[in-house]
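Student: Need coordinates for the following:
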Amino acid sequence: MIVLLDINNKCINIYNEDGINKISFYDIEEIYDYIASDQKVHYVTNAIETNVDDLIKVVSSITGKETISSNNSNIRYLHSTCTGPLNIPDPNSKPEEYKSIIKFNGYYDLIVLDTFMEDKIKQYPIILTAIKNKKIEIINEIQKNKILAKKRKTEKEKKKKEKKLADAKIDKESKDDMFDGSNDLI
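Tutor: Numbering: from 1, shown residues only. Purely as a prediction, here's the structure:
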């Protein structure tokens, strides 16, 4: 749970799994509607606006992990065009010991095409066959970002649909309870 203190607008913004809730400084006691008194929160009083690449650099400097900028168009990925799982079997494995060379969990699964993976493609012609048959495609960073944006959009739409169905079910149950006849005066 994160609480942002908005000094200019004299309010706090509470960010939690339910979304954003705003409370005026003058109604601060309403915070107990969202947060228990013994619950830990992180509050932020200062923020810096930046772009994603700079944010990644800051986090990388903290973690010590090297990252590659999204503007690096040399990064390529293997991407399954199938909607469901795709396993490329190891032709050298025994049937009772089924092994996969490459596994994709679905359309949104990506594998970085690094030197190790390039060597695998050279070693196993079956991967090239999957690429030629358009079961797998090689994409760049921009295409990867579009696929991941589509994934986020799809997940968001799915959550909205599930919430709408749950709300409709509650409405129906409420109406059924109102007209079940158990409250008749006669």
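Student: and residue 58, helix, strand or coil?
Tutor: The three-state assignment at residue 58 reads helix, by DSSP: H, G, I helix; E, B strand; the rest coil.
Student: contacting residues for it?
Tutor: By Cβ atoms under 8 Å, 6 or more residues apart in numbering, the contact set of residue 58 is residue 50. Any C-beta I mention is one placed from the backbone N, CA and C, and that applies to glycine too.
Student: distance of it from residue 75?
Tutor: Going from residue 58 to residue 75 by Cβ to Cβ, to the nearest Å gives 21 Å.
Student: what residue is smack in the middle of the protein?
Tutor: Nearest residue to the geometric centre of the chain (Cα atoms, centre = their mean): residue 152, 5.7 Å.
Student: okay, now the domains of the protein?
Tutor: 2-47, 75-176 (automatic domain parsing).
Student: Rounded mean pLDDT for the longest one, please.
Tutor: Read it as domain 75-176. For domain 75-176, the mean pLDDT works out to 88.
Student: Would you pull up how far that domain lies from the middle of the chain?
Tutor: Computed by Cα atoms, centre = their mean, to the nearest Å, the chain-centroid distance of domain 75-176 equals 14 Å.
Student: before we move on, what about the shortest one?
Tutor: Centre-to-centre, domain 2-47 and its host chain are 25 Å apart (Cα atoms, centre = their mean).
Student: For that domain, measure first residue to last.
Tutor: End-to-end span of domain 2-47 (Cα to Cα, to the nearest Å): 13 Å.
Student: Same check on stretch 131-141?
Tutor: Stretch 131-141 stretches 18 Å from its first residue to its last (Cα to Cα).
Student: Any chance you could list what contacts that stretch?
Tutor: By Cβ under 8 Å, 6+ apart, stretch 131-141 touches 70-73, 75-82, 86, 88, 102, 104, 110, 113, 121, 127, 130, 147.
Student: Cross-check residue 167 against the secondary structure; I expect a helix.
Tutor: Yes. Checked against three-state DSSP, residue 167 lies within a helix.
Student: Give the burial count for it, as a bare number.
Tutor: Neighbourhood size, residue 167 [other Cβ atoms under 10 Å]: 10.
Student: List the contacts of it.
Tutor: Residue 167 makes no contacts at all, as judged by Cβ under 8 Å, 6+ apart.
Student: all strands for the protein, in order.
Tutor: 2-6, 11-16, 19-24, 42-44, 76-80, 86-89, 100-104, 110-112, 136-140 (DSSP state E).
Student: could I get those strands as a markdown table with distance to residue 31?
Tutor: Formatted as a markdown table, the strands of the chain follow (distance: least, Cβ to Cβ, whole Å):
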| stretch | distance to residue 31 |
| --- | --- |
| strand 2-6 | 8 |
| strand 11-16 | 7 |
| strand 19-24 | 6 |
| strand 42-44 | 11 |
| strand 76-80 | 44 |
| strand 86-89 | 49 |
| strand 100-104 | 45 |
| strand 110-112 | 41 |
| strand 136-140 | 46 |
